[in-house]
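Visitor: Need coordinates for the below:
(chains A, B, C and D)
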2 protein chains.
Amino acid sequence: MTAVATDLHTTAARRLAASGQRYTSSRRAIVEVLVRTQAPMTLPDILSADTTLAQSSAYRNLSELIAADVVHRIVTTDEHAHFELAEDLTEHHHHLICSSCGSVTDFQVPAAVEAELDRALGQIAERETFAVDHHRLDLVGRCQNCG
Amino acid sequence: MTAVATDLHTTAARRLAASGQRYTSSRRAIVEVLVRTQAPMTLPDILSADTTLAQSSAYRNLSELIAADVVHRIVTTDEHAHFELAEDLTEHHHHLICSSCGSVTDFQVPAAVEAELDRALGQIAERETFAVDHHRLDLVGRCQNCG
DNA sequence: CTCAGTGCAAAGGATTTGCATGCCG
DNA sequence: CGGCATGCAAATCCTTTGCACTGAG
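Guide: Now for the predicted structure:
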């Protein structure tokens, strides 16, 4: 996984290239902010972390990054969407979503549970003729701060 | 569970009353549409299923129903939010979310898997000092129609 | 009577888009 | 040079809100 992190930018560049896009400095800046923060961020979060970014360009670049599977968009009940690096650039994980302040934190479950879950979900998908892209397991509640 | 379904409207009325609200005919109409459809619906879906409803009132009534825990709001990547009956009025279930057409379908997992999952999640919540309200397990992919 | 509920129209707010300019390849 | 990328401002679109009216208790 550390190897992946090392050339994360190379991977990002390659994926963008695959969709005929460039890995410009703005796009790289967004990815760097996400790497640095290590948590799903809203657009305002991203803009304040790097004030040189223009709002519309940030949204547009995020769209490209999402299309290229470099970034993933998380929807919560919060008014803003949250953005984070694609799972395969980090590690498979889940989210703790605070219904009070809207914050999103990552967590992982034991591999055994994850495997069991995948098996069960696989069967269901087959039964429902549904082509699974990925699963999403979140815990909704109140975070430490909102107690 | 069938008993619950029988006096679902009674339950809805009671819960609204608990928040000092009435179970008016519009609200009942919304609940009936949701019961009839048996699937999470968007606001346009609801309006076209019962054309006597006004848009703003529908939104307002849904808010009350959500506050009274009669209806639950599901957020997807789709532009519209989806609404469905609260889980305890139906049964604990999860969602198949189509990333192509945005449709949402229900499914359930074996009780054993569910129990195992709850156990694992409970430990995590404790470790993270997170007060879990509920968990959310969705499968994202392509539905039968979108192949 | 009173006050919650309703409907219309207008406002709000995150996200998207049009367009002229800048810059990489 | 040519076309993608950028930034500003304006437009979009789901959702919420203001306000006057209606109806149930």
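Visitor: how about the closest residue to A:T129 other than its chain neighbours, secondary structure?
Guide: Leaving aside its chain neighbours, A:T129 sits nearest to B:Q144 (4.6 Å; criterion: Cβ to Cβ, 6 or more residues apart in numbering or on different chains). C-beta here means a position set from N, CA and C on the backbone, and glycine is covered the same way. Of the three states, B:Q144 takes coil under DSSP: H, G, I helix; E, B strand; the rest coil.
Visitor: Kindly provide the distance from B:Q144 to B:T76.
Guide: 17 Å (Cβ to Cβ, to the nearest Å).
Visitor: Which of the two has more residues huddled nearby?
Guide: Neighbour count, other Cβ atoms under 10 Å in any protein chain shown: between B:Q144 and B:T76, B:T76 has more, with 20 against 13.
Visitor: What strand or helix carries the spatially closest residue to that one that is not a sequence neighbour?
Guide: Closest residue in space to B:T76, ignoring its immediate chain neighbours: B:I97 at 5.3 Å, by Cβ to Cβ, 6+ apart. Here B:I97 sits within strand B:94-98, counting by DSSP states H and E.
Visitor: Rounded mean pLDDT for that strand, please.
Guide: The pLDDT scores in strand B:94-98 average 93.
Visitor: so does that strand get close to DNA strand D?
Guide: No - Strand B:94-98 lies out of reach of DNA strand D by Cβ under 7 Å from any atom of the strand, never closer than 15.0 Å.
Visitor: Next, give phi and psi for the most centrally placed residue in chain A.
Guide: Taking Cα atoms, centre = their mean, the centroid of chain A lies closest to A:E84, which sits 2.9 Å from it. In terms of degrees, to the nearest 10, the main-chain angles of A:E84 are phi -150, psi 170.
Visitor: residues touching it, list them.
Guide: A:34, A:39-41, A:71-72, A:74, A:90, A:106 (Cβ atoms under 8 Å, 6 or more residues apart in numbering or on different chains).
Visitor: filter those residues down to the ones close to DNA strand D.
Guide: Within those, nothing lies near DNA strand D by Cβ under 7 Å from any atom of the strand.
Visitor: Of the residues you listed, keep whichever come out buried.
Guide: For the contacts of A:E84, a neighbour count by 16 or more other Cβ atoms under 10 Å in any protein chain shown gives the buried set as A:34, A:40-41, A:71-72, A:74, A:90.
Visitor: Mind splitting chain A into its structural domains?
Guide: What automatic domain parsing lists as the domains of chain A is A:1-90, A:92-147.
Visitor: Good, wrapping up.
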